[in-house]
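# Quick check, what structure comes out for this input:
(one chain, ligands or ions: 1)
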Amino acid sequence: MESLIMVMNKLQDVFATVGSKQKVDLPQIIVVGSQSSGKSSVLESLVGKSFLPRGTGIVTRAPLVLHLIHPTECETGNGDSKKSKDYATFLHKPGVIFNDFNKVRKEIETQTEVLTGGQKNITDSPIVLNIYSKQFYNLSFVDLPGLTKVPVSGQPQDIEQKIRDLVLNFIKNPNSIILAVVTANTDPATSESLHIAKSVDPNGDRTIAVVTKIDIMDAGTDATELLSGEVIPVKLGIIGVINRSQKDINDQKTIEHSLKDEKAFFDKFYPDIAQIHGSVVLGKRLEFLLIEKIKETCPKLRAQLYEMNNKYEHEVKKYKEFTENYDRSLLDLITQTAASYKAGLDGRADLSFKGLNGGATIAKYFKTNFNKDINEIDPLQGLSADIIINVINNASGTNMGVFMPTDAFDHLVKKQIQLLEAPSLACVTTVHDELATNICRLDDDISYKLKKYPRLFEKVNEILLESLARYKLKSSEAVSKLIEYQKAYVNTDHVDFIESITKSNEYHELFEKPANMGKLGKFEEEAREEGFAELPNYYNSQEEMLSHKNEIKSWPKSITLKMRKTVEKITTCAFSGFPDSDKLILESRAGLLTLFIKCYFVVIKKIIQDTVPKTIMYEMVNKIKDNFHKDLITKVYKSSNLNMAELLLESKDIEDERIKSVNRYDASTKALKLMREIEQICLITES
Ligand SMILES: Nc1nc2c(ncn2[C@@H]2O[C@H](COP(=O)(O)OP(=O)(O)OP(=O)(O)O)[C@@H](O)[C@H]2O)c(=O)[nH]1
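Numbers count the residues shown, from 1 in each chain. As a prediction, the model looks like this:
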């Protein structure tokens, strides 16, 4: 019967060595208790040896999986002096025999440091220790860090939560037996171990309580009530033990001696129940419970292992498929890569993909960021009133004409149109970068296959970037041309321009509300009185006046009349000897010019917001979608400096993954074999 636990131990080791992606709920005894409750002492009494690290603070910082093994002849090794006595081995030190249990303690301490990275932190990576002794039963435990509330210096503040999480992770395994250590000298209602056990096993169906420190209870109190099961609601039993006190340990009292004293203590103080308490009873009870648990969980465990084995077998086959048929599938892979890349832009890619795909990202960028960048450009950026007046003066030359100089408008508006080039070119760059990253959004399956061959992946990336660089150049040239086109001809007849002017507030202020015209308004009546008839007197000749009339005609028709009126008023003012007339004329012209620039800019912004995305789509996005496949085939196959063998080198990561996958499959096959052995033993013992 003992060998049932031994086979289960082997099963545990299989998973401890190889690890498993999937959790396997193996039957285990998990020791849980608050700090200094006596967990280590209980384990040492069961083992009959002092071998666990002691000290202040949190001593146990890694799960310790402890297998107690009753060795067979073969394991004691006939003639092997090292194995002739009790000895220990660690799973992480294969082949090393520990006869000295002080060295076992040291090794646990050293390995704890290795696993926790030298910090006072805790880890969930287990240390697996086998102790071989003819003296005891086969048993297996997991010893965990003590539940604590106060971090010691150097320990993370959340240590309490970390320990709780670690303990919970072990005890929530429905096939585990919770060995809750409870101290007799404190109120069981405050016992941390019972509390945490209850959170995963509310009815106490898989919890056994071990009561320590009965010997140091307050004078006048005794543990009869506690040990009889009236206080603690657990179903697997309550067993009292007397461990060595600190003084006993300091005095180097042997465990053998302590076990004798323990028996004497129960015989003397609890004669009626002495037979069912003590470390020896505890050991036997735990062995019985573990065997029962193994039998009970066998069918479920077998099904779980079977499923796991199938899954790993499938995974291993997948690796083989890639490595063996690579040549044949290179072309397929390139085709799939280009198709997946295109699908990412067309929006038909993996719908489960979290976040936006490449195509959607670009569309969103056009609609929001690019439009915003353009809208945010101030149409008068860099144009102070002085600059505008200066340009008007220069455009008028020596002749201080009365009408709006079109040259000044042309000059200024073209200067402002140029401001649109930088955000448009930035848009080209952003889309380019998005197209470059789109390679990271291939379908999982293709991306996985491609990354398996890093050189090939690198080559694919290189080809993509080369093509994109070409298309980016063309896009930038085309976008710059769009700006040039706008600068080539200033179309003041554009319907949107006229509409924009008439809808503007400034226009309304200047022409529709004479009352708000300020100084100009004062002369409005005079202007009306003197009339346009006076105006020809201003010009030196009829010819000159006519030339100005032509100038008026070059402005959009719908505004000409009103504009003319204003200019007329200004001119009249000049005639009437108003002292600031020149200044007034200039300011009024500058106001008009500013309004026209603003309104014309609205039109151009709309055109740019519409045509830049179209140009980028044509020159870059659609080109890469249509030509990526062709570019890949041409460059991967035809490039003379390409060494195919190099392209086919498997990545180190994937190679490691493949090895791990094979190991996992081997381990699960081994586990299934052990499971069959366990089932055999169960059958024999039942019949
Ligand atoms: N008198 C007496 N002392 C005990 C008993 N059990 C444990 N002790 C003492 O209590 C102290 C803590 O015991 P440990 O076995 O180290 O407790 P632990 O739960 O393993 O402690 P941590 O691993 O630090 O959480 C030691 O000084 C033991 O000697 C007992 O039954 N009686």
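# What's the separation between residue 452 and residue 661?
13 Å (CB to CB, to the nearest Å). For the C-beta atoms, the positions are set from N, CA and C on the backbone; glycine is no exception.
# Name the residue in these two with the higher neighbour count.
residue 452 (23 against 20; other CB atoms under 10 Å).
# Can you tell me the closest non-neighbouring residue to that one?
Computed as CB to CB, 6 or more residues apart in numbering, the closest residue to residue 452 that is not its neighbour in sequence is residue 654, at 4.6 Å.
# pLDDT score assigned to that neighbour?
If you check residue 654, the pLDDT there is 75.
# Near the ligand, which residues of the stretch 51-200 of the chain? Just list them.
Residues of the stretch 51-200 of the chain lying near the ligand by CB under 6 Å from any ligand atom: 54, 59-60, 146.
# cool, the chain as well?
So the chain meets the ligand at 33, 35-41, 54, 59-60, 146, 212-213, 215-216, 242-246, 249 (CB under 6 Å from any ligand atom).
# Buried only: go through those for me.
Applying 16 or more other CB atoms under 10 Å to those, the neighbour count classes 33, 35-41, 59-60, 146, 212-213, 215, 242-244 as buried.
# Next, give phi and psi for residue 218.
phi -60, psi 140 (degrees, to the nearest 10).
# so the closest residue to it other than its chain neighbours, which of the three states?
Excluding its sequence neighbours, the residue lying closest to residue 218 (CB to CB, 6+ apart) is residue 185, at 6.9 Å. Assigned by DSSP: H, G, I helix; E, B strand; the rest coil, the conformation of residue 185 is coil.
# tell me, how many neighbours does residue 185 end up with?
Around residue 185 there are 14 residues (other CB under 10 Å).
# now residue 617
Counted with other CB under 10 Å, residue 617 comes out at 17.
# Numbering from 40 from now on, please.
Will do, 40 is the new start, and the previous item becomes residue 656.
# Run through the residues that contact it.
Residues near residue 656 by CB atoms under 8 Å, 6 or more residues apart in numbering: none.
# What pLDDT does the model give it?
Confidence score, pLDDT, at residue 656: 96.
# Check residue 363 too.
pLDDT, residue 363: 58.
# nearest spatial neighbour of the closest residue to the ligand within the stretch 140-289 of the chain, skipping sequence neighbours?
Closest residue of the stretch 140-289 of the chain to the ligand, CB to the nearest ligand atom: residue 185 (2.7 Å). With sequence-adjacent residues excluded and distances taken as CB to CB, 6+ apart, residue 185 is closest to residue 74, at 3.6 Å.
# Which residues does stretch 221-234 contact?
71-73, 76-77, 186, 219-220, 246, 248-253, 255-257, 262, 265, 270-271, 273, 279.
# same thing but at 6 Å, please
Stretch 221-234 has contacts (CB atoms under 6 Å, 6 or more residues apart in numbering) with 71-73, 76, 186, 219-220, 248, 250-253, 255-256, 262, 270-271.
# can you give me how far stretch 468-485 is from the chain middle?
Its chain's C-alpha centre and that of stretch 468-485 lie 18 Å apart, by CA atoms, centre = their mean, to the nearest Å.
# How about residues contacting that stretch?
Stretch 468-485 has contacts (CB under 6 Å, 6+ apart) with 375-376, 379, 383, 389, 397, 400-401, 404, 503, 507, 511, 655, 663.
# try 7 Å
Outside stretch 468-485, the residues within contact range by CB atoms under 7 Å, 6 or more residues apart in numbering are 375-376, 379-380, 383-384, 388-389, 392, 396-397, 400-401, 404, 489, 500, 503-504, 507, 511, 655, 659-660, 663.
# Quick check: buried residues in it?
469-471, 473-475, 477-478, 480-482, 485.
# Quick one: end-to-end length of stretch 270-290, please.
One end of stretch 270-290 sits 34 Å from the other (CA to CA, to the nearest Å).
# Can you select the buried ones from the contacts of stretch 221-234 in ChimeraX?
Command for ChimeraX that selects the buried part of the contacts of stretch 221-234, burial taken from 16+ other CB under 10 Å:
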select :71,72,73,76,186,219,220,248,250,251,252,253,262,270,271
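# mind listing which of the contacts of stretch 221-234 are in helices?
Counting by DSSP state H, none of the members of the contacts of stretch 221-234 fall within helices.
# Which ones among the contacts of stretch 221-234 map onto strands?
71, 219-220, 248, 250-251 (DSSP state E).
# nearest to residue 642, of these?
Nearest to residue 642 among those: residue 71, at 76.8 Å, using CB to CB.
# show me what contacts that closest one?
183, 206, 210, 217-220, 232, 235-236.
# These in strands, which ones?
Judged by DSSP E, the subset of the contacts of residue 71 located in strands is 217-220.
# Rebuild those as TSV, extending it with pLDDT.
Below are these laid out as TSV (pLDDT from 0 to 100):
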residue	pLDDT
217	96
218	96
219	95
220	95
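# tally of neighbours for residue 454?
16.
# The one 4 residues further on now?
With neighbours defined by other CB under 10 Å, the count for residue 458 comes to 17.
# Checking it next. Helix, strand or coil?
helix.
# what's the answer for the one 10 residues further on, then?
Three-state call for residue 468 (three-state DSSP): helix.
# what about the stretch 390-539 of the chain, any weak spots by pLDDT?
Low-confidence segments of the stretch 390-539 of the chain (pLDDT under 70): 390-395, 434-444.
# Please repeat the previous calculation with a cut-off of 80.
Low-confidence segments of the stretch 390-539 of the chain (pLDDT under 80): 390-397, 423-425, 427-446, 479-480, 482-484, 487-488, 490-491, 531-532, 537, 539.
# Among the contacts of stretch 468-485, which lie within helices?
Among the contacts of stretch 468-485, the residues falling in helices (DSSP H) are 375-376, 379-380, 383-384, 397, 400-401, 404, 489, 500, 503-504, 507, 511, 655, 663.
# Can I have the buried ones of the residues you listed as a ChimeraX selection?
Per 16+ other CB under 10 Å, the buried members of the ones in helices among the contacts of stretch 468-485 correspond to this ChimeraX selection:
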select :375,376,379,380,383,384,397,400,401,404,489,503,507,511,655,663
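# Residue 242: neighbour count?
Neighbour count of residue 242, defined by other CB under 10 Å: 10.
# Which residue lies closest in space to it, excluding its sequence neighbours?
For residue 242, the nearest residue in space outside its immediate sequence neighbours is residue 274; the separation is 7.0 Å by CB to CB, 6+ apart.
# Pretty sure that neighbour sits in a helix.
No. Looking at residue 274 with three-state DSSP, it is coil, so not inside a helix.
# pretty sure it is touching residue 247, no?
No. Using CB atoms under 7 Å, residue 274 makes no contact with residue 247, being 8.5 Å away.
# Who has more neighbours out of the two?
Each of residue 274 and residue 247 has its neighbours counted (other CB under 10 Å); residue 247 has more, 21 against 12.
# any idea how far that one is from residue 157?
Distance of residue 247 to residue 157, given as CB to CB: 36 Å.
# Could you do residue 446 as well?
For residue 446 relative to residue 157 (CB to CB), the value is 79 Å.
# So the two - more neighbours on which side?
Set side by side, residue 446 and residue 157 show more neighbours around residue 446, with 14 against 9, by other CB under 10 Å.
# And that one, its phi and psi?
phi -60, psi -40.
# Reduced to three states, what does residue 513 come out as?
Once three-state DSSP is applied, residue 513 turns out helix.
# coming back round to it: among the residues of the stretch 90-239 of the chain next to the ligand, which one sits closest to the ligand?
Among these, and counting by CB to the nearest ligand atom, the member closest to the ligand is residue 185, at 2.7 Å.
# Kindly give the local confidence score, pLDDT, for that closest one.
If you check residue 185, the pLDDT there is 88.
# The longest helix seen in the chain - contacts with which helices or strands?
When the chain is parsed with DSSP H, its longest helix is helix 318-363. Secondary-structure packing of helix 318-363 (3 or more CB pairs under 7 Å, 6 or more residues apart in numbering; DSSP states H and E): helix 41-57, helix 78-86, strand 178-182, strand 215-222, strand 277-279, helix 691-725.
# Noted, bye for now.
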